[in-house]
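> sequence unknown, structure follows:
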Ligand SMILES: Cc1cc2nc3c(=O)[nH]c(=O)nc-3n(C[C@H](O)[C@H](O)[C@H](O)COP(=O)(O)OP(=O)(O)OC[C@H]3O[C@@H](n4cnc5c(N)ncnc54)[C@H](O)[C@@H]3O)c2cc1C
């Protein structure tokens, strides 16, 4: 049986960042990916400035094939039911609009790790010294590989996480997000911005932006509702309220499950023993669903923690939890009302944009945000967020006690 230093499950951005650290340290690293590479990934592809810096510093300039049209995004525009809209530019200028299929594959190649695509992770068994991973090729061949450490960088429904905690996903709210692509008749939404609606009538997560000559209409809601009905309702609203005239949706619509929630309430999952969970599998997701920058950074920290554990002969979970605390702070700060009001945790300046508005519009925006937040009341996150805000204020950090 083959024996390696590290197996990473998933060939996405968290995996690329982890692999870069491990390969740079001279560790034999194998990435297994269930799809054929380069693989499609549903994503708006708006990389935050911090994520962009990470890519540049670690992998070099992005190739043109890794970008959609328009190639860059200037910032975010929020729209409210009272028909007030506010645009915020990203700090430091525009950011790239990634074509995930090619950008992810490029980053994976830049890590110089060995990649096995068309190969699915099935299960793992840990001993004191290693992890026995079972995987299956698309051709149906099942094989084992022995590794000193295993990283689950396998996204929101993470099979690696489930191999550790089989009931985890039953106990957190899962959301469905879906998008349809429309040829444009007339669209007054500025194509240099990502557009997001704080409107409880439209759903938990409603967005639109231009991509490769078409307009995306995206909807997000709790698992169980009907995608096509939701989408039609939102497209009609865009037409009536914003003058967005679109052709009927093309056939290539898509959707997936999202684990939105753990980063709001500091309930991250970092793994057990020699198995580390990273990226969105862990629960990292920034405001308005921006997950690439924290996937890159947490992936790198997972890789560094393994290098640290080997170099210092220490338990890897202890080091990972120490090292990841800074990323937890950054991500959970994005949802912390005190941080939002006083510390600018985002990469575009919401308080400044709000302050620039007329008082009457400010009141409308605050009222609309409040009624939007009530949509999330059933998840009982409000008190937990308030308690975490106080914890951060008094202790300067978030507690690790609820992490898995
Ligand atoms: C509609 C939508 C829009 C988004 N827009 C943005 C945006 O504009 N900006 C932003 O920053 N973020 C956005 N996100 C979030 C972002 O896409 C994710 O947070 C990010 O991709 C997480 O990266 P990751 O490396 O953790 O995992 P993922 O990108 O989810 O990758 C996981 C990988 O694991 C593989 N895998 C899964 N199971 C197995 C298995 N059993 N065996 C082998 N491989 C497996 C998958 O095929 C996949 O390649 C969006 C998400 C959605 C759904």
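Here it is on my side, so go on. Quick caveat, the model's predicted, so the values are computed rather than measured.
> For this protein, which residues are neighbours of the ligand?
Within the chain, the residues that sit near the ligand (Cβ under 6 Å from any ligand atom) are 9-15, 32-35, 39, 41-47, 120-121, 153-155, 159, 177, 179, 256, 258, 279-281, 285, 289-292, 295. All C-beta atoms are positioned from the backbone trio N, CA, C, and that covers glycine.
> Contacts only, for the nearest residue to residue 315 once chain neighbours are set aside.
Counting by Cβ to Cβ, 6 or more residues apart in numbering, residue 315 lies nearest to residue 309, which is 6.8 Å off, once chain neighbours are set aside. Residue 309 is in contact with 149, 315, 316, 319, counting by Cβ atoms under 8 Å, 6 or more residues apart in numbering.
> From the residues of the chain next to the ligand, which land in helices?
13, 14, 15, 159, 292, 295 (DSSP state H).
> sorry, back to before: buried set for the helix or strand where the residue nearest to residue 315 lies?
Here residue 309, judged by DSSP states H and E, is contained in helix 292-312. For helix 292-312, a neighbour-count test (16 or more other Cβ atoms under 10 Å) marks 292-310 as buried.
> again, but for stretch 210-228
Buried-residue list, stretch 210-228, by 16+ other Cβ under 10 Å: 210, 211, 214, 215, 216, 217, 218, 219, 220, 221, 222, 227.
> Pull the contacting residues for the residue of the stretch 51-200 of the chain found nearest the ligand.
At 2.6 Å from the ligand, residue 155 is the closest residue in the stretch 51-200 of the chain, using Cβ to the nearest ligand atom. Neighbouring residues of residue 155 by Cβ under 8 Å, 6+ apart: 10, 12, 279, 280, 281.
> burial measure for the last one, as a count.
Taking other Cβ atoms under 10 Å as the neighbour definition, residue 281 ends up with a count of 31.
> Next, format the ones in helices among the residues of the chain next to the ligand as CSV and append distance to residue 59 and pLDDT.
Below are those laid out as CSV (distance: Cβ to Cβ, whole Å; pLDDT from 0 to 100):
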residue, distance to residue 59, pLDDT
13, 10, 98
14, 14, 98
15, 13, 98
159, 26, 98
292, 13, 97
295, 14, 98
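> Among those, which pair sits farthest apart?
The largest separation in those, counting by Cβ to Cβ, is between 159 and 292 at 20.9 Å.
> now the strands for the stretch 51-200 of the chain?
67-73, 75-79, 85-89, 95-98, 114-116, 119-126, 131-137, 142-152, 175-186, 193-197 (DSSP state E, counting those that start in this stretch).
> Minimum distance to residue 361: which of these has it?
That would be strand 85-89 among the strands of the stretch 51-200 of the chain, by Cβ to Cβ, at 8.2 Å.
> So what's the model's average confidence on that closest one?
Mean per-residue pLDDT for strand 85-89: 95.
> now the angle between strand 67-73 and it, please.
90 degrees (axes from the mean of the first three to the mean of the last three Cα atoms, to 10 degrees).
> Parallel or antiparallel, list what pairs with strand 85-89.
With DSSP bridges as the test, strand 85-89 is paired with strand 75-79 (antiparallel).
> how about the partner strand: buried residues?
In strand 75-79, counting by 16+ other Cβ under 10 Å, buried: 75, 76, 77, 78, 79.
> Now do it: distance to the chain's middle.
Remark: strand 75-79 is offset 18 Å from the chain centroid, using Cα atoms, centre = their mean, to the nearest Å.
> contact partners of it?
85-90, 189-190, 192-199, 242, 288, 348, 365.
> Now do the strands in the stretch 201-350 of the chain.
205-211, 214-222, 245-246, 254-258, 271-272, 275-277.
> mean pLDDT for those: which is lowest?
What stands lowest among the strands of the stretch 201-350 of the chain, in mean pLDDT terms, is strand 254-258, with a mean of 91.
> Any chance you could list what contacts that one?
So strand 254-258 is contacted by 42, 156-157, 174-179, 220, 223, 227, 285, 289 (Cβ under 8 Å, 6+ apart).
> Of the residues you listed, grab the buried ones for ChimeraX.
What follows is the ChimeraX syntax selecting those of the contacts of strand 254-258 that are buried according to 16+ other Cβ under 10 Å:
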select :156,174,175,176,177,178,179,220,227,285,289
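> so which of the contacts of strand 254-258 comes closest to residue 379?
Looking across the contacts of strand 254-258 and measuring by Cβ to Cβ, the closest to residue 379 is residue 175, at 10.4 Å.
> quick check: domain ranges of the chain?
2-74+96-171+261-333, 175-257 (automatic domain parsing).
> how deep is residue 159 tucked in, by neighbour count?
18.
> I'd like the distance between the closest residue to it other than its chain neighbours and residue 163.
Leaving out its chain neighbours, the residue that sits closest to residue 159 by Cβ to Cβ, 6+ apart is residue 121, at 5.5 Å. For residue 121, the distance to residue 163 equals 8 Å [Cβ to Cβ, to the nearest Å].
> And the residue positioned nearest the centre of the chain, how close does it get to residue 215?
By Cα atoms, centre = their mean, the chain has its centre lying nearest to residue 291, at 2.2 Å. Between residue 291 and residue 215 the computed distance is 22 Å (Cβ to Cβ).
> following the least confident helix or strand in the chain by mean pLDDT, which helix or strand comes up?
Between all helices and strands in the chain, the lowest mean by mean pLDDT, DSSP states H and E belongs to helix 337-342, at a mean of 86. Using DSSP H and E, the helix or strand that follows helix 337-342 in sequence is helix 350-355.
> where in the stretch 51-200 of the chain is pLDDT low?
Scanning the stretch 51-200 of the chain for pLDDT under 70 picks out nothing.
> go again using 90 as the cut-off
92, 169-175 (pLDDT under 90).
> Would you mind measuring from the nearest residue to residue 324 once chain neighbours are set aside to residue 159?
Nearest residue to residue 324 in three dimensions, chain neighbours excluded: residue 301, at 5.2 Å (Cβ to Cβ, 6+ apart). To residue 159, residue 301 is 21 Å away according to Cβ to Cβ.
> do residue 216 as well
Counting by Cβ to Cβ, the gap from residue 216 to residue 159 is 28 Å.
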